[in-house]
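Asks: Got a predicted structure plus its sequence, pasted below:
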Amino acid sequence: MNDPLFEAHGPPELPDDLSPDEVIRALEAHLTPERVRRIREVVAGRSLSIAPVLDRIHDPHNASAIMRSADAFGIQRLHIIAEHGAFLANQKVAKGTERWLDLIRYNDPEQATDALRQEGYRIFVAAMDGEHRPETLPEEGDRIAVVLGNEHRGVSEEFRKLADGSFAIPMLGFVESLNVSVAAAVTLYTLSQRLHAPLTEQERVRLEARMMISSTRSAESILERARIAARRGPG
């Protein structure tokens, strides 16, 4: 029996008509103190310093395992170039991590590199002949994007040409490469030990509010009551 697949989208965005603080105030009372504390612990450990980029990863098992690694190492955004516009995940492997990660989609490598550079990232592709290792990737600036390629073709030639450089995980055994999800875990863990700036206060509050939406049953109806109360004003 095949494992269930689904189209992963990430946590909900904030409503336009309520501030993050208003969302938190409305939802916090509907969550247990333990859940609120856990959300705040997770948000405190999140970072945007490292940007994993999936260049047409084919296998939903691999995509889902990479999501789990990103979540485990406090990486908030996963950048995706998906074939046919879909990003399929495996429910049993993902374990719900798609609820907490931002999944940023692009049509092609050029669009992805333009967007990442505008946010201050240097871009390095995984390659068998990479000139760097994960532990020696340059730290000029405070943001690094690492591109992981398709299981069969690797990183596309277009991405190689657009990147700032390449990296490889050294092999000491008979095998010449690692499964892409394993390579991702090794790379993301190594980088998270060197390059893990916390979110700004504004980023932290916005993410806390979004995670509370994702954690609260009937969140939309609760927020609608908060809108009505805000329109009525005091008294």
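Replies: Thanks, I have it. Numbers count the residues shown, from 1 in each chain.

Asks: I figured Thr91 hits Glu7, correct?
Replies: Careful, residue 91 is Gln; it's not Thr. No: the criterion here is CB atoms under 8 Å, and Gln91 misses it with Glu7 at 11.2 Å. Where you see a C-beta, it was placed from the backbone N, CA and C, and this is true even at glycine.

Asks: neighbour count winner among these two?
Replies: Neighbour count, other CB atoms under 10 Å: between Gln91 and Glu7, Gln91 has more, with 15 against 12.

Asks: Can you tell me, leaving aside adjacent residues, what's nearest to the more buried one?
Replies: Pro4 (4.4 Å; CB to CB, 6 or more residues apart in numbering).

Asks: what about the one you found, neighbour count?
Replies: As a burial measure, Pro4 scores 10 neighbours (other CB under 10 Å).

Asks: Same check on the one 10 residues further on?
Replies: Taking other CB under 10 Å as the criterion, the count of residues near Leu14 is 17.

Asks: so where do the strands sit in the protein?
Replies: In the chain, the strands defined using DSSP state E lie at 5-7, 50-55, 77-81, 88-90, 102-106, 122-126, 144-149, 165-167.

Asks: And the last one, what's buried?
Replies: If you call a residue buried by 16 or more other CB atoms under 10 Å, then strand 165-167 has these buried ones: 166-167.

Asks: which residues sit against that strand?
Replies: For strand 165-167, the surrounding residues in contact (CB atoms under 8 Å, 6 or more residues apart in numbering) are 122, 124-127, 129-134, 136-138, 146, 160, 187.

Asks: What of the third one?
Replies: Residues lying outside strand 77-81 but in contact with it, judged by CB under 8 Å, 6+ apart, are 48, 51-57, 66-67, 70, 87, 101-109, 112, 116, 145.

Asks: With the fifth one instead?
Replies: The set of residues that contact strand 102-106 without belonging to it, under CB under 8 Å, 6+ apart, is 8-11, 76-82, 85, 87, 112, 115.

Asks: ok, those vs Asn150, which is closest?
Replies: Closest approach to Asn150 among the contacts of strand 102-106 (CB to CB): Ile81, at 9.7 Å.

Asks: Show me what that closest one bridges to in the sheet.
Replies: Asp55, Tyr106 (DSSP bridges).

Asks: distance of it from Arg40?
Replies: Distance of Ile81 to Arg40, computed by CB to CB, to the nearest Å: 33 Å.

Asks: These two: which is more packed in?
Replies: Set Ile81 next to Arg40 and count neighbours by other CB under 10 Å: Ile81 wins out with 23 against 14.

Asks: do you know how far that one is from Asp102?
Replies: Distance from Ile81 to Asp102, by CB to CB: 15 Å.

Asks: Then Glu13?
Replies: Counting by CB to CB, the gap from Glu13 to Asp102 is 10 Å.

Asks: Same question for Ile144.
Replies: From Ile144 to Asp102 the distance is 17 Å (CB to CB).

Asks: more crowded one of those two?
Replies: It is Ile144, of Ile144 and Asp102, that has more neighbours when counted by other CB under 10 Å, with 25 against 18.
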